[in-house]
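Peer 1: here's my sequence, what's the structure:
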Amino acid sequence: MTATASLSGTDSTLSWFTSSYSSNDGPECVEVAIATSRATVHVRDSKDVHRACLTFSDGTWSDFLAFTAGR
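Peer 2: Predicted structure coming up:
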């Protein structure tokens with residue numbers, strides 16, 4: 001599984017949504033954006049959107065979700 005870090009999580013062309021597993025009062029808040037034109041999924045810290053975000057290919061994202069579902 002390979003993920004890369006992009007320079008910024010503030011790309012204005014992406015539409016971000018909050019994970020249903022995130023809570024408003026806890027430290028585990030993440031946001032996800034799907035870039036269909038490049039078949040990539042981006043993940044960032046919703047409490048600090050200016051930090052780098054992780055970028056996954058669509059296949060790697062599926063592998064990541066399968067891996068974390070068992071945790």
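Peer 1: SS state for D63?
Peer 2: Assigned with DSSP: H, G, I helix; E, B strand; the rest coil, D63 falls in the helix class.
Peer 1: distance of it relative to A35?
Peer 2: 18 Å (C-beta to C-beta, to the nearest Å). (Glycine included, C-beta is placed from N, CA and C.)
Peer 1: do the same with P27
Peer 2: Taken as C-beta to C-beta, the span from P27 to A35 is 26 Å.
Peer 1: out of the two, which sits in the more crowded spot?
Peer 2: Between P27 and A35, counting by other C-beta atoms under 10 Å, A35 is the more crowded of the two (15 against 8).
Peer 1: if I pick the nearest residue to that one once chain neighbours are set aside, what's in contact with it?
Peer 2: Closest residue to A35 apart from its sequence neighbours, by C-beta to C-beta, 6 or more residues apart in numbering: L14 at 6.2 Å. Going by C-beta atoms under 8 Å, 6 or more residues apart in numbering, L14 touches 33, 35, 42.
Peer 1: element containing the last one?
Peer 2: Read that as H42. strand 40-45 (DSSP states H and E).
Peer 1: what does the first one give?
Peer 2: Under the criterion of DSSP H and E, A33 resides in strand 30-35.
Peer 1: what is the burial count for S57?
Peer 2: S57 has 16 neighbouring residues, counting by other C-beta under 10 Å.
Peer 1: circling back to that earlier point, would you list the phi and psi of the residue nearest to A35?
Peer 2: phi -100, psi 140 (degrees, to the nearest 10).
Peer 1: what's the weakest-modelled helix or strand in the protein?
Peer 2: Of the helices and strands making up the chain, the lowest-confidence element is strand 4-5, at a mean of 54, by mean pLDDT, DSSP states H and E.
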